[in-house]
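Undergrad: Starting from these lines, generate the structure:
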Amino acid sequence: MTGEPKTKYRPIMVVGTGSHVGKSVVAAALCRALARRGLDVAPFKAQNMALNSGITADGGEMGRAQITQAECAGLAPHVDMNPILLKPTSDMGSQVIVLGRAVGNFRAAEYYRHKPKLTRTVMAAFRRLQGAHQLIVLEGAGSCAEVNLKKHDLVNMAMAKRAQAAVALVADIDAGGVFGQIIGSLGLLPPSERKLVRGLIVNKFRGDPALFASGVEFLERRTGRPVLGVLPHFSHISLPQEDGVALERGQMTSAGGGRIRIGVARLSHISNYTDADVLAAEPAVELRWVSRPEELAGLDLLILPGTKNTLAALRTMVESGLDQAVRAYHALGGRVLGVCGGYQLLGQVIADPHGVEGPPGQAQGLGLLAVATVMAKKKTTSQALAVAAAGLPLSASGLLAGYEIHMGQTNALEADRPAFVVTSRSGRAVDVADGQVSADGRVLGTYLHGVFDNDQLRRGLLAWAGGHDAAAQSLDYAAFKQRQYDLLADHLEAHVAIEPLLEPLGPK
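TA: Now for the predicted structure:
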């Protein structure tokens, strides 16, 4: 990301009146809409707290939302787009990832002590992006007006001031209290920050927008800012989720009609569950999120996704009885697939002697795979190419693209039956066995995220789950994703005026 500075537009920043008002989606839509106009646009979020992440070409870890935004802009993701990523490991602490590399687990007070250094890191990343692109679309985090967090702010209006961005304030009318959200947020901003706000976006509107005309007039009169648009709620566009809120609110749905019933366990500290996005988009799949034993009935395939704290997830499964239900499901002929933390859960032993994910400890896993996992201090992060192991399920899938994000090292305790062979990590040739398959062929574990995005492997997976006819009708996921991004930009441009945010600066 080098070259002569060529910024031609003032940065645009999307901030919100609260969490989950739609900042990430609006920023992604802006990236796509502006890229379609021929602008060289790049996303940026100084600090992101999220459980879903991905890996760049050089092995750096960054937030899934900024990866989606980069794809919307037609760019390869780069860690400069999300220089700080916080991945919660408990209610009190997070793993801190700086420029794509994990630097440790911190509580908030410990983390804030590093703010001066982190601010320099953030601004260096932003300047590199700004020097390489015409326009940067920044995203804030949570509420832009949290007075108790003001002195620690790296990502909201403090970032807007440093970038001298044209700010759009997004509010969620579906949550109620939109007038208080907007007027209260603006009222809490000091004048030097308030003057950066160019306009308002009312998001997630349901019903006839004409009925909100008086609301628009009121907001514009009280705030002195234009309402750039009223964005209707949408359900026809499929986008990756950033964190577990959609799960908690029951918003994760399946597009399919349901000849193949796939369940995904709602683990505690769930992470990188976007592995299931493509399955939810399959026309023949009914995807269910399961957390209670009785919900496993009738499934053709059960998936255990990633979790940021495997031992804590296991304890929650034991408390709910889900551990016994998974064993019983398998004993009755069910098929089980574990990815990353889910793979670790399927083994016989999980040990965290160094307290990498939480307090040091060890526990017996579900015992469906003859493997043992030890949490390592060093995190494995890489984009990977792999092939399915010969003679085992999914072996006709060809070369597969995926990525690895894990602290654990897992080894076979009996005869080694790997699921995949990794042939490349971050562009470097390797020959490494990955995952494990049970002797009965009905349990499979892997550390590879993103492999379901490979059309041929996904067809093999659907056939393995018993849906041979459905596998033949599987979608082209790469084309599907691009179509969703275009639909998102269409939705934004139909309802929001972008031009007031576009302020030419001329070449620098």
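Undergrad: residue ranges for the strands of the stretch 201-350 of the chain, please.
TA: 227-232, 260-265, 270-271, 285-290, 301-304, 306-307, 336-339, 349-352 (DSSP state E, counting those that start in this stretch).
Undergrad: mind putting those strands in a markdown table, mean neighbour count included?
TA: To be clear about C-beta, it is placed using only N, CA and C from the backbone, and glycine gets the same treatment. Converted to a markdown table, the strands of the stretch 201-350 of the chain look like this (neighbours: other C-beta atoms under 10 Å):
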| stretch | mean neighbour count |
| --- | --- |
| strand 227-232 | 21 |
| strand 260-265 | 25 |
| strand 270-271 | 25 |
| strand 285-290 | 22 |
| strand 301-304 | 25 |
| strand 306-307 | 28 |
| strand 336-339 | 28 |
| strand 349-352 | 20 |
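Undergrad: Let me have those strands in CSV, extended by mean pLDDT and distance to S53.
TA: Output for those, formatted as CSV (pLDDT from 0 to 100; distance: least, C-beta to C-beta, whole Å):
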stretch, mean pLDDT, distance to S53
strand 227-232, 96, 27
strand 260-265, 95, 18
strand 270-271, 88, 7
strand 285-290, 94, 20
strand 301-304, 97, 18
strand 306-307, 92, 10
strand 336-339, 96, 14
strand 349-352, 95, 20
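Undergrad: can you list these in a markdown table and add distance to T89?
TA: Converted to a markdown table, the strands of the stretch 201-350 of the chain look like this (distance: least, C-beta to C-beta, whole Å):
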| stretch | distance to T89 |
| --- | --- |
| strand 227-232 | 34 |
| strand 260-265 | 19 |
| strand 270-271 | 10 |
| strand 285-290 | 22 |
| strand 301-304 | 18 |
| strand 306-307 | 10 |
| strand 336-339 | 18 |
| strand 349-352 | 11 |
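Undergrad: In the protein, which residue sits furthest out from the middle?
TA: Largest separation from the mean C-alpha position in the chain: R221, at 37.5 Å (C-alpha atoms, centre = their mean).
Undergrad: what separates that residue from S214, distance-wise?
TA: Here the criterion is C-beta to C-beta, to the nearest Å. By it, R221 lies 10 Å from S214.
Undergrad: Overlap in contacts, these two.
TA: Common neighbours of R221 and S214, counting by C-beta atoms under 8 Å, 6 or more residues apart in numbering, are absent.
Undergrad: buried sites along the strand of greatest length in the chain?
TA: If you go by DSSP state E, the chain has its longest strand at strand 371-388. For strand 371-388, burial by neighbour count (16 or more other C-beta atoms under 10 Å) applies to 371-375, 379-388.
Undergrad: among the strands of the stretch 201-350 of the chain, which is nearest A141?
TA: Proximity to A141 (C-beta to C-beta) singles out strand 270-271 among these, at 17.9 Å.
Undergrad: Could you say which one of the strands of the stretch 201-350 of the chain comes nearest to G177?
TA: Using C-beta to C-beta, the nearest of the strands of the stretch 201-350 of the chain to G177 is strand 227-232, at 15.9 Å.
Undergrad: For the closest one, name the packing helices and strands.
TA: In terms of contacts (3 or more C-beta pairs under 8 Å, 6 or more residues apart in numbering; DSSP states H and E), strand 227-232 is packed against strand 197-205, helix 213-223, helix 477-495.
Undergrad: Recalculate using a threshold of 6 Å.
TA: Applying 3 or more C-beta pairs under 6 Å, 6 or more residues apart in numbering; DSSP states H and E, we find strand 227-232 packed against strand 197-205, helix 213-223.
Undergrad: And the spatially closest residue to V451 that is not a sequence neighbour, which helix or strand is it part of?
TA: Closest residue to V451 apart from its sequence neighbours, by C-beta to C-beta, 6 or more residues apart in numbering: G402 at 4.2 Å. Per DSSP states H and E: G402 is located in strand 399-412.
Undergrad: That strand relative to strand 371-388, how many degrees between them?
TA: Interaxial angle of strand 399-412 relative to strand 371-388 (axes from the mean of the first three to the mean of the last three C-alpha atoms, to 10 degrees): 160 degrees.
Undergrad: Neighbouring strands of strand 399-412 in the sheet, and parallel or not?
TA: strand 371-388 (antiparallel), strand 448-449 (antiparallel) (DSSP bridges).
Undergrad: In TSV: those strands, plus mean pLDDT and distance to A163.
TA: Below are those laid out as TSV (pLDDT from 0 to 100; distance: least, C-beta to C-beta, whole Å):
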stretch	mean pLDDT	distance to A163
strand 371-388	92	28
strand 448-449	95	32
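Undergrad: Compare those strands and give me the one nearest N272.
TA: strand 448-449 (5.4 Å).
Undergrad: picking that back up, need the helices and strands packed on strand 227-232 in a markdown table with distance to I12 and mean pLDDT, can you?
TA: Below are these laid out as a markdown table (distance: least, C-beta to C-beta, whole Å; pLDDT from 0 to 100):
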| stretch | distance to I12 | mean pLDDT |
| --- | --- | --- |
| strand 197-205 | 9 | 97 |
| helix 213-223 | 19 | 97 |
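Undergrad: now these in a markdown table, with distance to E282?
TA: Shown next, in a markdown table, are these (distance: least, C-beta to C-beta, whole Å):
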| stretch | distance to E282 |
| --- | --- |
| strand 197-205 | 27 |
| helix 213-223 | 40 |
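Undergrad: winner for burial among those?
TA: strand 197-205 (a mean of 23; mean count of other C-beta atoms under 10 Å).
Undergrad: so what does it touch, helix or strand wise?
TA: strand 166-172, strand 227-232.
Undergrad: repeat that for 7 Å
TA: Here strand 197-205 touches strand 166-172, helix 178-188, strand 227-232, going by 3 or more C-beta pairs under 7 Å, 6 or more residues apart in numbering; DSSP states H and E.
Undergrad: Could you say which of those is packed most deeply?
TA: strand 166-172 (a mean of 26).
Undergrad: so that strand versus helix 178-188, what angle?
TA: Using the same axes, to 10 degrees: strand 166-172 against helix 178-188 is 140 degrees.
Undergrad: Quickly run through the sheet partners of strand 166-172, with directions.
TA: strand 12-16 (parallel), strand 197-205 (parallel).
Undergrad: Make JSON lines out of these and add distance to A281.
TA: What follows is those, written out as JSON lines (distance: least, C-beta to C-beta, whole Å):
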{"stretch": "strand 12-16", "distance to A281": "26"}
{"stretch": "strand 197-205", "distance to A281": "22"}
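Undergrad: Go through those and name the closest to Q69.
TA: strand 12-16 (10.2 Å).
Undergrad: Surely Q95 and K87 touch.
TA: Yes. Using C-beta atoms under 7 Å, Q95 is in contact with K87, at 4.6 Å.
Undergrad: returning to what we had before: columns distance to G358 on top of the helices and strands packed on strand 197-205, output as a markdown table?
TA: Below are these laid out as a markdown table (distance: least, C-beta to C-beta, whole Å):
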| stretch | distance to G358 |
| --- | --- |
| strand 166-172 | 33 |
| helix 178-188 | 35 |
| strand 227-232 | 40 |
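Undergrad: how about the ones you listed, which one is nearest V443?
TA: Nearest of the helices and strands packed on strand 197-205 to V443, taken as C-beta to C-beta: strand 166-172 at 41.5 Å.
Undergrad: so the closest one versus helix 213-223, what angle?
TA: Going by the same axes, to 10 degrees, strand 166-172 makes 130 degrees with helix 213-223.
Undergrad: now the angle between strand 227-232 and strand 166-172, please.
TA: Using the same axes, to 10 degrees, strand 166-172 lies at 40 degrees relative to strand 227-232.
Undergrad: what does strand 166-172 contact?
TA: By C-beta atoms under 7 Å, 6 or more residues apart in numbering, the surrounding residues in contact with strand 166-172 are 10, 12-18, 21-23, 26, 144, 160, 178, 181-182, 185, 196-204, 228, 501, 503.
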